[in-house]
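*Asks:* show me the folded form of this:
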Amino acid sequence: MTTPSGNIKVAIVGVGNCASSLIQGLTYYKQAQDTDAVGLMHWSLGGYLPSDIKIVAAFDIDRRKVGQDVSKAVFAPPNCTTVFCADLPETGVVVRMGKILDGHSEHMQGYSLERTFVIAEQAEPNIDDVVRTLRESGAQVLMNYLPVGSQQATEFYAECALRAGMAFVNNIPVFIASNPVWAERFEAAGLPIIGDDIKAQMGATIVHRTLTDLFAKRGVAMDRTYQLNTGGNTDFLNMLNRTRLASKKTSKTEAVQSVTAERLSDDNIHIGPSDYVPWQNDNKICFLRMEGRLFGNVPMNLELRLSVEDSPNSAGVAIDMVRCAAVAMDRGISGVLAGPSAFFCKHPLKQHTDSQAYRMTEEFIAGQDADKSTQESQLHQLSVVSAAVS
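*Replies:* Reported below is the predicted structural model:
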């Protein structure tokens with residue numbers, strides 16, 4: 001088996017709350033041992049520890065972040081996530097001005113400066129500028145943390161990753177890894193990709209999926225369900241613009257539909273962001289209801305309230321995604337990583353149950369052939385789909 005190639009050099013697009021939690025975590029777990037590393041699914045993954053991840057480039061559009069060392073930018077407004085590791089060493093990496101495109105929604109200009117973006121008065125880079133920065137930094141993995149609805153901006157940075165020869169990890173619900181055309185391009189370039197839309201460690205989607213799968217396995221007919229979410233971070237503010245939510249609703253809804261015993265009609269399933277409550281900050285509250293029928297057609301219902309800090313809830317997953325991308329590059333594996341995408345993301349190219357996705361991911365990490373054969377089958381499906389599209 002190929003040995004790890006040293007540090008994993010990572011570039012980040014969007015230095016928001018999720019990036020803040022991730023970067024805080026890199027320092028926090030550097031000080032921890034495997035015996036007390038609470039919150040990580042894997043202490044060592046493919047020979048890589050969390051401390052092997054190094055941020056070497058970062059892009060943002062907010063004037064309070066652009067020009068700042070990453071260690072300071074992660075605490076700048078409008079970031080409002082929990083600070084669990086305040087003493088970050090300077091990285092020597094300065095946040096650069098990013099490409100705006102549709103990465104900023106106009107409706108956010110009417111809110112407090114502490115709550116929304118303040119666009120930096122700097123010239124936007126073109127694609128050659130970004131690719132040059134990525135290459136000069138030595139970055140191997142590009143992490144996409146743009147706001148929901150950033151279709152053009154995400155495609156811009158996915159193209160940058162391809163041209164710079166990097167793996168791409170897509171944490172948001174813009175469909176790149178689950179788009180056969182993009183997936184095939186990364187395969188042809190010999191580069192791995194993981195996506196789309198990160199599935200939090202213990203968030204609304206994974207809990208909803210687990211309970212839905214439980215209904216199916218226990219013979220309970222599910223008739224209808226909803227998942228309502230509120231939060232006070234910039235992500236929830238951004239999603240008040242409902243025109244940016246099409247892919248988000250598709251991603252979250254399909255994540256649950258894919259594990260139902262029988263698909264529910266559109267009228268009987270409602271999943272998605274619901275409202276912005278400023279004082280919640282990065283706290284996300286999920287209200288979940290499921291209605292079904294037991295033995296003898298007797299009705300039952302389940303209601304659940306889940307409260308989590310939204311960004312730390314995704315950071316441990318992100319650390320594993322980065323390491324899986326690095327492992328794939330070490331082993332010469334390209335294209336969509338089937339197991340990690342299904343286990344870590346809401347909208348992979350192909351949905352699997354969480355138990356199946358977990359097994360596939362563990363087999364991938366262990367270097368077994370099962371994930372590779374699954375991937376080869378998936379790539380065959382891609383070529384069929386692409387041929388049909390063309």
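
*Asks:* remind me which residues of the stretch 151-300 of the chain are low pLDDT?
*Replies:* Judged against pLDDT under 70, the stretch 151-300 of the chain has no low-scoring part.

*Asks:* the stretch 1-150 of the chain now?
*Replies:* Ranges of the stretch 1-150 of the chain meeting pLDDT under 70: 1-3, 5.

*Asks:* ok, residue 300 to residue 195 distance?
*Replies:* Applying C-beta to C-beta, to the nearest Å, the value for residue 300 to residue 195 is 36 Å. Yep, even glycine has a C-beta here, placed from its N, CA and C like the rest.

*Asks:* against residue 234, how distant is the closest residue to residue 282 other than its chain neighbours?
*Replies:* Spatially, and ignoring its direct neighbours in sequence, residue 282 is nearest to residue 81 (4.0 Å; C-beta to C-beta, 6 or more residues apart in numbering). With distances taken as C-beta to C-beta, residue 81 is found 10 Å from residue 234.

*Asks:* now do the shared contacts for these two.
*Replies:* Listed as contacting both residue 81 and residue 234 by C-beta atoms under 8 Å, 6 or more residues apart in numbering are residue 17.

*Asks:* ok so, going back, and residue 300 and residue 195? which has more neighbours close in?
*Replies:* Each of residue 300 and residue 195 has its neighbours counted (other C-beta atoms under 10 Å); residue 195 has more, 33 against 12.

*Asks:* is it correct that that one is in contact with residue 338?
*Replies:* No - in this structure, residue 195 is not within contact of residue 338 by C-beta atoms under 8 Å, at 11.7 Å.

*Asks:* now for those two: what residues contact both?
*Replies:* Common contact partners of residue 195 and residue 338 (C-beta under 8 Å, 6+ apart): residue 348.

*Asks:* can you give me the strands for the chain?
*Replies:* Using DSSP state E, the strands found in the chain span residues 8-13, 53-60, 96-97, 141-144, 167-170, 192-194, 221-231, 269-276, 283-293, 299-309, 335-336.

*Asks:* okay, the residue lying closest to residue 255 once chain neighbours are set aside and residue 227: tell me how far apart.
*Replies:* Excluding the flanking residues, the one nearest residue 255 by C-beta to C-beta, 6+ apart is residue 346, at 4.2 Å. Separation of residue 346 from residue 227 (C-beta to C-beta) stands at 12 Å.

*Asks:* repeat for residue 352
*Replies:* Separation of residue 352 from residue 227 (C-beta to C-beta): 20 Å.

*Asks:* the more surrounded of these two?
*Replies:* Shown here are residue 352 and residue 227; by other C-beta under 10 Å, residue 227 has more neighbours (24 against 20).

*Asks:* my guess is the more buried one meets residue 208, correct?
*Replies:* Yes - taking contacts as C-beta under 8 Å, residue 227 lies within contact range of residue 208: 5.5 Å.

*Asks:* and the gap between the residue of the chain positioned farthest from its centre and residue 219?
*Replies:* Distance to the chain centre peaks in the chain at residue 296, reaching 41.6 Å (criterion: C-alpha atoms, centre = their mean). Distance of residue 296 to residue 219, computed by C-beta to C-beta: 12 Å.

*Asks:* what's the answer for residue 341, then?
*Replies:* 30 Å.

*Asks:* same deal with residue 245?
*Replies:* Taking C-beta to C-beta as the measure, residue 245 and residue 219 are separated by 34 Å.

*Asks:* between the two, which is the more surrounded one?
*Replies:* Remark: of residue 245 and residue 219, residue 245 carries more neighbours, 18 against 11, as counted by other C-beta under 10 Å.

*Asks:* so how far is residue 105 from that one?
*Replies:* In terms of C-beta to C-beta, residue 245 sits 11 Å off from residue 105.

*Asks:* what sits in contact with each of the two?
*Replies:* residue 149.

*Asks:* distance of the closest residue to residue 29 other than its chain neighbours from residue 43?
*Replies:* Leaving aside its sequence neighbours, residue 29 sits nearest to residue 50 (C-beta to C-beta, 6+ apart; 4.1 Å). Going from residue 50 to residue 43 by C-beta to C-beta gives 8 Å.

*Asks:* looking at these two, which is more packed in?
*Replies:* A side-by-side neighbour count of residue 50 and residue 43, using other C-beta under 10 Å, places residue 50 first with 26 against 13.

*Asks:* now could you export just the CA positions of stretch 335-350 as CSV?
*Replies:* The C-alpha coordinates for stretch 335-350 follow below in CSV (Å, rounded to 0.1, in the frame of the first residue of the first chain):
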residue,chain,number,x,y,z
GLY,A,335,-12.9,10.5,-10.3
VAL,A,336,-15.7,10.4,-7.7
LEU,A,337,-14.8,8.5,-4.6
ALA,A,338,-18.0,6.5,-4.2
GLY,A,339,-17.8,5.4,-0.6
PRO,A,340,-16.6,8.7,1.0
SER,A,341,-19.1,10.7,-1.2
ALA,A,342,-22.0,8.6,-0.1
PHE,A,343,-20.9,8.5,3.6
PHE,A,344,-19.9,12.1,4.0
CYS,A,345,-22.3,13.9,1.7
LYS,A,346,-26.1,14.3,1.2
HIS,A,347,-26.1,14.3,-2.6
PRO,A,348,-23.5,11.8,-3.9
LEU,A,349,-23.5,10.6,-7.5
LYS,A,350,-25.1,7.4,-6.2
